[in-house]
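Asks: curious how this folds, go ahead:
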Amino acid sequence: MADYQMLTVVVSEIERVTPEIVCFTLIRPDGGPLPPFTGGSHIIVQMTQGERQYSNAYSLMNDPADRRCYQIGVRLEADSRGGSRFMHQQVAVGDRLLISAPQNMFALADAPGHLMIAGGIGITPFIAQGYELARRGQEFSLHYCYRNDDSGAFRDSLGQPPFAGRVHEHCSSRGQRLDVPRLLADVDPHTHIYCCGPASLNTEVQQVAAALGIQRERIHVEQFAIENKSGAAFTLALARSGTTLTVGPDMTIIQAIENSKAAKVECLCREGICGTCETTILEGEADHRDQYLSEEERAAQKSLLICCSRARGNKLVLDL
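Replies: Next comes the predicted model:
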């Protein structure tokens, strides 16, 4: 189970980049340096509104060498659970926020070449990674896919060093959709491939790479929102509390536990990212939907993340 250090930051600047994307600059209250991070890192922002609390993960997008601030890009989601709406509508310059120290599940490999594919707000981790790769002296190219001009954020920054000449834009409203099979067919066998965007783009890149025989270890994917947490209903037994619950088709395990008040479980992100809700499996198998556990950990069926994963079968017994 992950253990996150939390720290308080001050919002020093807010910039509206597009009608639906805002960039927040965060600094320490005393103006000192923030904890170090590497390209691909994220933080979890905790927000409190009355009795409601939201926790969202956001990629750090500024140069990792500049520890005076953190910058995050926040897209207002149409089906927001409250977090992105809170950031857009409630947060002002001078406000204090509680954030986690940076964690990295989308780190750069040590390779001679790097091919990056971004979809929409998925551009943010690649900005920090571009600075890092430029300092390493390693080659990279970035393909940026977006719907229209209102959703193509940070394009001015991408026209400047170290990105100038390395960015290829694909605007679907202008008929410039990225041809993933053609792009991956020409990739050098030593190049690592990174994708961050909606599930459809991530899945396409993974499927095309597999069909082309590209080694799995060369493919790196990140997606902060789990688009499907639903499934067949199942019985959930909590061994320590002696409680048996039914997890409905459109309910997560953690929601069932919280609704019944059967156990208290810490969970920061609720999107299978942070690992704080990792729970031991005593009986049954999990349908893993997180991005935190490794393939080996998933196959071992020793634990699951209860914020997004489900039972693979009719019953699951957990150590709660």
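Asks: where along the stretch 101-250 of the chain do the helices fall?
Replies: 124-136, 155-158, 180-185, 199-211 (DSSP state H, counting those that start in this stretch).
Asks: nearest to Ala78, of these?
Replies: Among those, helix 199-211 comes nearest to Ala78, with 15.4 Å by Cβ to Cβ. Yep, even glycine has a C-beta here, placed from its N, CA and C like the rest.
Asks: helices or strands up against that closest one?
Replies: strand 113-119, helix 180-185, strand 191-196, strand 219-222 (3 or more Cβ pairs under 8 Å, 6 or more residues apart in numbering; DSSP states H and E).
Asks: mind putting the ones you listed into TSV with distance to Val205?
Replies: Below are the helices and strands packed on helix 199-211 laid out as TSV (distance: least, Cβ to Cβ, whole Å):
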stretch	distance to Val205
strand 113-119	6
helix 180-185	6
strand 191-196	4
strand 219-222	7
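Asks: most tightly packed of the helices of the stretch 101-250 of the chain?
Replies: Most buried of these, by mean neighbour count (mean count of other Cβ atoms under 10 Å): helix 124-136, with a mean of 22.
Asks: which residues does that one contact?
Replies: Helix 124-136 has contacts (Cβ atoms under 8 Å, 6 or more residues apart in numbering) with 37-42, 58-65, 72-73, 106, 108, 114, 116, 118, 139-140, 142, 154, 157-158, 161-163, 166, 194, 196, 222.
Asks: I'd like to know how far the closest residue in space to Glu227 that isn't next to it in sequence sits from Gln223.
Replies: Leaving aside its sequence neighbours, Glu227 sits nearest to Ala199 (Cβ to Cβ, 6 or more residues apart in numbering; 4.8 Å). The gap separating Ala199 from Gln223 is 6 Å, by Cβ to Cβ, to the nearest Å.
Asks: so which residue is dead centre in the chain?
Replies: Phe224 (2.9 Å; Cα atoms, centre = their mean).
Asks: quick one: which of the helices of the stretch 101-250 of the chain has the weakest pLDDT on average?
Replies: Mean pLDDT is lowest for helix 155-158 among these, at a mean of 92.
Asks: so which elements touch that helix?
Replies: strand 139-146.
Asks: neighbouring contacts of the strand it packs on?
Replies: Here strand 139-146 makes contact (Cβ under 8 Å, 6+ apart) with 112-120, 123, 126, 129-130, 133, 152-153, 155, 158, 163, 166-172, 177-178, 183, 197, 201.
Asks: just the buried ones among the contacts of helix 124-136, please.
Replies: Neighbour counting with 16 or more other Cβ atoms under 10 Å marks 37, 39-42, 58-64, 72-73, 106, 108, 114, 116, 118, 140, 142, 154, 158, 163, 166, 194, 196, 222 as buried within the contacts of helix 124-136.
Asks: now do the same contact list for Thr244.
Replies: Neighbours of Thr244 in contact, by Cβ under 8 Å, 6+ apart: 235-238.
Asks: most neighbours among the residues you listed, please name it.
Replies: Leu236 (24 neighbours; other Cβ atoms under 10 Å).
Asks: pull the contacting residues for it.
Replies: Contacts of Leu236 (Cβ under 8 Å, 6+ apart): 244-247, 253, 256-257, 311, 315-318.
Asks: got the end-to-end distance for stretch 280-300?
Replies: 11 Å (Cα to Cα, to the nearest Å).
Asks: start at 313, not 1
Replies: Will do, 313 is the new start, and the previous item becomes stretch 592-612.
Asks: low pLDDT regions in the stretch 413-562 of the chain?
Replies: By pLDDT under 70, the stretch 413-562 of the chain contains no weakly predicted segment.
Asks: at 80 what do you get?
Replies: 536-540 (pLDDT under 80).
Asks: do you know how far the residue lying farthest from the centre of the chain is from Val517?
Replies: What lies farthest from the middle of the chain is Gly554; by Cα atoms, centre = their mean that is 34.3 Å. Distance of Gly554 to Val517, given as Cβ to Cβ: 45 Å.
Asks: what of His502?
Replies: His502 is 18 Å from Val517, by Cβ to Cβ.
Asks: go on, Asp491?
Replies: With Cβ to Cβ as the criterion, Asp491 and Val517 are 12 Å apart.
Asks: for Gln441, same thing?
Replies: Going from Gln441 to Val517 by Cβ to Cβ gives 16 Å.
Asks: with Ile384 instead?
Replies: 24 Å.
Asks: correct me, but Gln317 touches Ile411?
Replies: No: in this structure, Gln317 is not within contact of Ile411 by Cβ atoms under 8 Å, at 9.9 Å.
Asks: which parts of this protein belong to which domain?
Replies: 318-416, 425-534, 546-630 (automatic domain parsing).
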